[in-house]
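Participant: From the sequence below, what's the structure:
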Amino acid sequence: MSFEKLGIIKPLLSAIKEMGYEKPTTIQTRAIPLVLAKSDIFATAQTGTGKTAAFGLPLLQRLRKPLENKGVRAVILSPTRELSIQIYEDIEKYAKNMKIKTMILVGGKDLEKQRKKIKEGVEIIIATPGRLLEHMESGLSLNDVETFILDEADRMLDMGFTKDIRKIHPLLPKRHQTLLFSATFSEKVRKLSKLVLTKPAFIETAKKNTTVDTINQIAYLVDTKRKAELLAYLIGSRNYPQVLVFTRTKASADELVIELKKDGLKCGIIHGDKTKANRLKTLTQFKEGNFKVLVATDIASRGLDIEHLPYVINYELPSVPEDYVHRVGRTGRAGREGEAISLIDVYEKYEIRDIEKLIGQKIPQETVDGFEPDPTIRRKDVDEVKLKAEHKRSSGKKERKYNTNTSGMPQTRKQVKVTKKKRKTTKRDG
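Facilitator: Residues are numbered from 1 along each chain as shown. Down below sits the predicted model:
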């Protein structure tokens with residue numbers, strides 16, 4: 001199958017050829033004909049499988065004929081500023097041979113300047129939900145919207161944009177096409193799909209909540225205190241050219257960067273305490289190869305499109321198993337190979353089971369010579385659980401002995417009733 005056979009027109013074919021697109025991915029093959037046919041779509045596809053082109057190419061093709069006295073004809077919502085910028089840049093590249101005006105509406109930019117540009121005429125708006133609502137409250141009309149696209153819908157719901165989407169949706173024309181794309185499938189996403197979609201075509205290019213086959217996944221067992229040391233050793237000894245490292249908290253990210261710098265590694269950092277401008281600048285520098293290690297919290301697990309990113313390392317496992325899928329999805333994109341490494345301590349070797357259950361596969365666990373975990377280190381909570389279990393067993397034995405009939409004589413109904421009666425507990429038993 002080729003893009004030409006999917007019905008893509010020449011101006012778009014020429015543009016994507018320059019971008020190096022050769023054959024359509026599975027999601028593109030299945031989605032493009034449906035978008036061109038004006039069907040609603042509910043698509044679950046793994047991160048890095050080419051979703052932007054799957055909706056962007058047919059959308060541009062449908063809007064190629066200009067309509068006079070029309071306002072905004074398409075809206076693309078995404079959860080973050082970074083992802084919105086990525087979508088905007090891709091759409092602009094696809095449309096280089098076409099006269100279609102595209103605009104991005106995200107925070108950090110002057111509202112008044114954005115309003116003036118909208119008044120000049122725009123056909124496609126790419127926005128975060130909050131910023132789009134701000135413009136709608138100041139007069140932006142969506143009455144002419146033909147296509148409404150929700151990208152990374154699951155992430156938008158996780159970030160608390162449910163109310164915003166519920167406010168935006170009723171203000172769209174009754175007859176419009178809606179495309180919902182999600183990296184994972186959840187109950188929240190299912191409920192949203194019922195609200196915004198009409199007789200949708202369902203596209204599932206892979207089993208829900210799975211990782212792509214081109215990613216090699218491995219976990220290294222290590223003591224908590226030696227994680228930073230092991231990370232620096234892996235990056236240095238194996239000469240990793242570019243690596244994205246995820247931590248669970250902002251504090252962990254800050255501490256890790258300090259430790260890595262002590263080992264002579266040049267690092268960048270992205271987390272919620274950094275300004276949007278700072279995050280964008282850091283990401284750009286990382287893409288350009290100014291430093292090889294980017295440390296980030298889950299704010300960066302989606303919306304990052306880094307070509308040929310070979311390594312993702314989970315310095316700490318995410319709090320939510322689903323976020324593991326998004327983290328490792330930063331590598332192995334568009335059919336390329338990638339490696340996802342997790343550094344797990346005595347606590348996380350149990351937590352990783354929830355991730356394995358979610359993705360439906362075992363992640364091999366190994367040790368690195370010189371960094372083997374200390375077998376004498378135990379989880380404090382395991383000891384507490386063991387003590388509770390022993391107390392429970394001993395209490396059970398006493399109760400059974402107390403209720404046992406040792407007379408050898410048959411028990412009367414009254415006696416049976418008494419022995420079966422539950423012993424009252426006291427505060428001391430708790």
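Participant: Please identify the helix or strand for the most centrally placed residue in the chain.
Facilitator: Residue closest to the average C-alpha location in the chain (C-alpha atoms, centre = their mean): His326, at 3.4 Å. For His326, the element it lies in under DSSP states H and E is helix 321-328.
Participant: got it, and Ile269?
Facilitator: Using DSSP H and E, Ile269 sits within strand 267-270.
Participant: Would you mind pulling up the elements that that strand packs against?
Facilitator: In this structure, strand 267-270 packs against helix 250-262, helix 276-287, strand 293-296, with contacts taken as 3 or more C-beta pairs under 8 Å, 6 or more residues apart in numbering; DSSP states H and E. In short, each C-beta sits where N, CA and C put it, glycine included.
Participant: Could you identify which of the ones you listed is most buried?
Facilitator: Stretch with highest mean neighbour count among those: strand 293-296 (a mean of 25; mean count of other C-beta atoms under 10 Å).
Participant: So what touches it?
Facilitator: Counting by C-beta atoms under 8 Å, 6 or more residues apart in numbering, strand 293-296 makes contact with 235, 243-247, 253, 256-257, 260, 265-271, 282-283, 286, 300, 315, all of which sit outside it.
Participant: quick one: strands adjacent to it?
Facilitator: Sheet pairing for strand 293-296, assigned by DSSP bridges, gives strand 243-246 (parallel), strand 267-270 (parallel).
Participant: For the closest residue to Glu316 other than its chain neighbours, give its distance to Leu132.
Facilitator: Residue nearest to Glu316 in three dimensions, not counting chain neighbours: Arg248, with 4.1 Å by C-beta to C-beta, 6 or more residues apart in numbering. Applying C-beta to C-beta, to the nearest Å, the value for Arg248 to Leu132 is 31 Å.
Participant: neighbour-wise, which of those two wins?
Facilitator: Set side by side, Arg248 and Leu132 show more neighbours around Leu132, with 23 against 17, by other C-beta atoms under 10 Å.
Participant: and the closest residue to that one other than its chain neighbours, backbone torsions?
Facilitator: Setting aside the residues directly before and after it, Leu132 is nearest to Leu105 in space (C-beta to C-beta, 6+ apart), at 5.9 Å. Dihedral pair for Leu105: phi -120, psi 100, per degrees, to the nearest 10.
Participant: Could you check how far Leu105 is from Lys93?
Facilitator: Distance, Leu105 to Lys93, by C-beta to C-beta: 19 Å.
Participant: cool, and Lys276?
Facilitator: Lys276 is 23 Å from Lys93, by C-beta to C-beta.
Participant: Kindly report the same for Lys10.
Facilitator: Taken as C-beta to C-beta, the span from Lys10 to Lys93 is 16 Å.
Participant: related to what we said a few turns ago, tell me how far the strand holding Ile269 lies from the chain's centre.
Facilitator: Taking C-alpha atoms, centre = their mean, to the nearest Å, the mean C-alpha location of strand 267-270 is offset from the chain mean by 19 Å.
Participant: quick one: buried residues of it?
Facilitator: Buried residues in strand 267-270, counted by 16 or more other C-beta atoms under 10 Å: 267-270.
Participant: Could you export the residues you listed to a markdown table, including columns for pLDDT?
Facilitator: Listed next are those as a markdown table, based on pLDDT from 0 to 100:
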| residue | pLDDT |
| --- | --- |
| Cys267 | 93 |
| Gly268 | 92 |
| Ile269 | 93 |
| Ile270 | 89 |
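Participant: Pull up the per-residue confidence for Lys392.
Facilitator: pLDDT recorded at Lys392 is 46.
Participant: circling back to that earlier point, the residue nearest to Glu316 looks like it's in a strand, true?
Facilitator: No. Read with DSSP: H, G, I helix; E, B strand; the rest coil, Arg248 is coil and lies in no strand.
Participant: list the contacts for it?
Facilitator: If you count contacts by C-beta under 8 Å, 6+ apart, Arg248 has them with 297-298, 316-319.
Participant: Give me the residues contacting the next helix or strand after the helix holding His326.
Facilitator: Helices and strands here follow DSSP H and E; after helix 321-328, the next one along the chain is strand 338-344. The contact list for strand 338-344 (C-beta under 8 Å, 6+ apart) reads 211, 214-222, 227, 230-231, 234, 309-317, 327-328, 331-332, 348, 351-352, 363, 365.
Participant: Any of the residues you listed buried? List them.
Facilitator: 211, 215, 217, 219-222, 227, 230-231, 234, 309-317, 327-328, 331-332, 348, 351-352, 363.
Participant: Show me those that map onto strands.
Facilitator: In this view, the buried ones among the contacts of strand 338-344 that belong to strands under DSSP state E are 215, 217, 219-221, 311-314.
Participant: where's the dip in pLDDT among these?
Facilitator: Among those, pLDDT bottoms out at Ile215, giving 83.
Participant: Downstream of the host helix or strand of Leu133, the next helix or strand is which one?
Facilitator: Under the criterion of DSSP H and E, Leu133 resides in helix 129-137. Once the chain leaves helix 129-137, the next helix or strand it forms, by DSSP H and E, is strand 147-150.
Participant: Run through the neighbouring helices and strands of the very next helix or strand once past that following strand.
Facilitator: Next along the chain after strand 147-150, taking DSSP H and E as the criterion, comes helix 153-158. Judged by 3+ C-beta pairs under 8 Å, 6+ apart, helix 153-158 is in contact with strand 177-182, helix 187-196.
Participant: try 10 Å this time
Facilitator: strand 41-44, helix 162-168, strand 177-182, helix 187-196, helix 321-328 (3 or more C-beta pairs under 10 Å, 6 or more residues apart in numbering; DSSP states H and E).
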